[in-house]
Structure formats: C-alpha cells, structure tokens
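**Student:** Sequence and predicted model, in that order:
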Amino acid sequence: MHRSSFDFPAAPLPAVLAAALSATALFAAAPALAQAWPAKPIRFIVTLAPGSASDIVARLSGEPISKALGQPVVVENRVGGGGVVAAEFVMRAPPDGYTMLVGSIASHGINPALMTKIPYDALKDFAPVVSLASSPNVLIASTSLPVKSVKDLIALARKRPGELTYASGGNGTSHHMGGELFGMMSGTKMSHIPFKGSPQAVGAVVSGEVALMFPNIPNAMGLAKAGKVRILGVTTPKRLSFWPELPTIAESGLPGYEVIAWFGLFSPAGTPSAVIDRMNAEANKALAIPAVRESLMTQGFELMGGTVAEFAAFVRSEIDKWAKVVKATGAKAE
C-alpha cells in the first residue's frame, strides 16, 4: 500500500503533555461533579450521645437541609473522647461532601488545647462549612446539696475542698471546662466525673450520684423547671431573654465568667468548595425557617449561621481562647 511521506503512524504523547491534558480534563470535570452533588444520602456525624445538645441541633437542622437537597441527611452518633472519636472518623472519610461532622466547642475549640495526643489537626484536617447554633451552659445542683445560690456553692466548696463532684458528658466538653473555669475563678477545688454523654451526666445529678454539672441548657431546662435539679446560674455574660429571672454566674460572685457551647458543620479537608458553598447556603436557609428557629430557640439555642469565612475565623478564635484557659487552669483530660 502506498503511504504518503507525511502519513506517519501516531506517536505517543510526551509524558508532560499527557499529564497536562489529564489535569485539564480533571479540572473540567470538577464543576460537573460538584453540580451532581448530592447523589446519595449525607451523613451528619455527631460527637455526643442521642438527646445531647449537638444531637438536637443536627436533627432539627438536618431535616430541612435534606428536603432542600433532595437526599436524606442521616444523623449518626459516634461518642467518645469529648468528640475525638467522631472527629477522627470524619477526618478519614472521603472529602466528597457525603460525610460531615457536627463539630463543637469541644472537638474544635477545647480539645486542641487540652489533649496532648490528639489524632487530628482541628484547622488543617477539616474544612469549616457553617456555624449552626450556640447554647449557654447552666450550673445545676442536686436537690440534696445544701446550696441555693452560686455564693452558697463557693462557700461550701471552700469548706470541703475536693469533696464536691461535678459531672460532664466527657473530657474536653464545655461541661468539663465550665467546671475547671469555675474552680479557677472561685479558688475552689472540685472533682470531675466524666460520663459517656450529657443525658447520662445530667441523670447522675438528678439521682444525687454527682453534686453538680455545667450542662448545655437544652439538657437541663425542663428538669430544672420540674424541680428535679436546682439551677443556680447561667454561663452567659447577660441574663437570658427567655429566662430573665435566672441570674448569671458572673453577677453572682464571679465577674467575667463565661462559657458558651457552639455547634457547626465541618467536612474533611479537600472537599470541593462548590459542595461546601452549597451546604453553607442550604444550612443558612434552614436556620431562617420560622418553625426551625422556634424549635431551636424554645430549647435554649441561639441561631448562628453566616459565611464559610466567618465560621473559619470563629473557630480559630475559639482555639486561641481555650488554649489560654487550659494553660491558666492547668486542666487535663483524665
């Protein structure tokens, strides 16, 4: 067969050119992949037990997000280490937007400062998505404890150093650090008793097994109003608008005392920005729905929301804040 002098067989592309074309194809496909998201259920991994504040936030916000995205949002509780177990699980998940962490003040504020051997980097291993809600903590006491105010408690704790116990939903939680901060500022010493979750810890105060706790308000408000625990104060700088008769701990003898728990969504580092932006937008829309707002606020939550950048800056500031508290109190994860 006659072959033209210009009709050469196809030669393989140089390696550099082939790599460049492959990269171009990958970047071209990225928008299509992001637009197709979500194509299957999304998991919200919660750091605390069912019925805890973070669990409530995950379920109340997850339902409208699910409807907007057209895919189920499945809430999964992975309890342990004050959020470490759940955070490590999400860190190791594929960065495709189908596994997200309902992180908190514990997993992304306190733990990085409190724990010397933590299996994740709160900033480098996660992509902040959106802040969801915050919740003040309250100081509750067993009804068998002979105190009716913060001043009474401080006086009793000074008389019985190391004898009074306070519960928490785990090391590194806001309940834990609330007690550490209280002890530092009041010059008292109390013993920390960690439990597997907030409901169990609150239950221990109700039964009198443990004297005190600094739980998130959704886990204590109903019990306090029913007289099953005695509520001594709230951890916010100002009194609550929905419970104005409840004094703050700051005004009751510890000026400057403040502990506010917060909850937000994180995705594994490397998740496409288009996916993060879409989830941020849908979460903000969900928080604006009147029924969702009412459900959260009646349980003692303050709604947050905002941009990805705002949440990222907030997380950095929380890590810095709690590093100073841990250093000042000498707190340790037992």
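**Tutor:** Happy to help now that I have it.
**Student:** Show me where the stretch 201-334 of the chain has its strands.
**Tutor:** 212-213, 230-234, 260-268, 302-303 (DSSP state E, counting those that start in this stretch).
**Student:** Out of the ones you listed, the one nearest Phe195 is which?
**Tutor:** Comparison of the strands of the stretch 201-334 of the chain against Phe195 by C-beta to C-beta identifies strand 212-213 as nearest, at 9.3 Å. The way it works is simple: take the backbone N, C-alpha and C, and place the C-beta from them, glycine included.
**Student:** ok so, going back, for the strands of the stretch 201-334 of the chain, state which one has the densest average packing.
**Tutor:** The highest mean neighbour count among the strands of the stretch 201-334 of the chain, using mean count of other C-beta atoms under 10 Å, belongs to strand 212-213: a mean of 28.
**Student:** Counting by contacts, list what it packs against.
**Tutor:** Where contact means 3 or more C-beta pairs under 8 Å, 6 or more residues apart in numbering; DSSP states H and E, strand 212-213 is packed against strand 138-141, strand 165-168, helix 198-207.
**Student:** Out of those, which is closest to Pro247?
**Tutor:** Among the helices and strands packed on strand 212-213, strand 138-141 sits nearest to Pro247 (C-beta to C-beta), with 10.1 Å.
**Student:** who does the closest one pair up with?
**Tutor:** strand 212-213 (antiparallel), strand 230-234 (antiparallel) (DSSP bridges).
**Student:** Could I get those in JSON lines, plus columns for distance to Tyr98 and mean pLDDT?
**Tutor:** Formatted as JSON lines, those follow (distance: least, C-beta to C-beta, whole Å; pLDDT from 0 to 100):
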{"stretch": "strand 212-213", "distance to Tyr98": "35", "mean pLDDT": "98"}
{"stretch": "strand 230-234", "distance to Tyr98": "38", "mean pLDDT": "96"}
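**Student:** Any idea how many residues pack against Lys225?
**Tutor:** Lys225 has 11 neighbours, counted by other C-beta atoms under 10 Å.
**Student:** hmm, I was thinking of Asp320
**Tutor:** Neighbour count for Asp320, taken as other C-beta under 10 Å: 12.
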